[in-house]
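Peer 1: Here is my input, please return the structure:
(chains A and B)
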Amino acid sequence: AQSVTQLGSHVSVSEGALVLLRCNYSSSVPPYLFWYVQYPNQGLQLLLKYTTGATLVKGINGFEAEFKKSETSFHLTKPSAHMSDAAEYFCAVRATNYGQNFVFGPGTRLSVLP
Amino acid sequence: DGGITQSPKYLFRKEGQNVTLSCEQNLNHDAMYWYRQDPGQGLRLIYYSQIVNDFQKGDIAEGYSVSREKKESFPLTVTSAQKNPTAFYLCASSKLAGGLNGELFFGEGSRLTVL
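Peer 2: You can find the predicted model right below:
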């Protein structure tokens, strides 16, 4: 079975500070990994994804994430937070033997303080 | 522009009533999904469909029903049997061709409130 954990349901950073949102997964087979962002009362938008190849993945809005197989992690980072980054972030996993289904983490709400 | 359209955006329902949420996509995607979102619980899969006239239950299908008569459409009915239907509902789609690395594309969501 697959599962996704996101450490910290709420993270606050100052504008211009480093953003680090943590994601750990469990999967018995190599996973495909995704980060999504959700603004209030809206759908989810893909930030970035890891499938195969380079383990450091760059996404939109200056975000990036690194797949670390030994740590079963896929943490999301951004060097300098902007007020517009305030949103909820979801990590998701899709295992290669799990058909068409995705498993989502519980989400982390990011607040950016002026 | 291609995308997923959900309607209505907001819906109020009295207890005991069925309600149907619409989801239409023009991305030519084969697979479509319905998720339920509650605060602090992430997204939970209700139903999904990989092909027309076929669909499978997800983790929380009880009290819900779906149909897939057209590739573009995947409506969700919240029945009176659903004990706690107040939630934010998200429709999504993905490609089947090209392997499992395709991501989900989401609609803007429908917020259902039971009075």
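
Peer 1: wouldn't residue B:23 be in contact with residue B:3 here?
Peer 2: No: in this structure, residue B:23 is not within contact of residue B:3 by Cβ atoms under 8 Å, at 11.3 Å. C-beta: built from backbone N, CA, C; applies to glycine.

Peer 1: shared neighbours of those two, which are they?
Peer 2: Contact criterion Cβ atoms under 8 Å, 6 or more residues apart in numbering or on different chains; residues shared by residue B:23 and residue B:3: residue B:107.

Peer 1: Of those two, which one has the most company?
Peer 2: Just comparing residue B:23 and residue B:3: by other Cβ atoms under 10 Å in any protein chain shown the higher neighbour count belongs to residue B:23, 24 against 14.

Peer 1: of all the residues in chain A, which ones are close to chain B?
Peer 2: A:9, A:32, A:34, A:36, A:41-46, A:49, A:51-52, A:90, A:92, A:94, A:96, A:100-102, A:104-107 (Cβ under 8 Å from any Cβ of the partner chain).

Peer 1: from the residues you listed, which would you call buried?
Peer 2: Neighbour counting over the residues of chain A next to chain B (16 or more other Cβ atoms under 10 Å in any protein chain shown) leaves A:32, A:34, A:36, A:42-44, A:46, A:49, A:51, A:90, A:92, A:94, A:100-102, A:104-107 as the buried ones.
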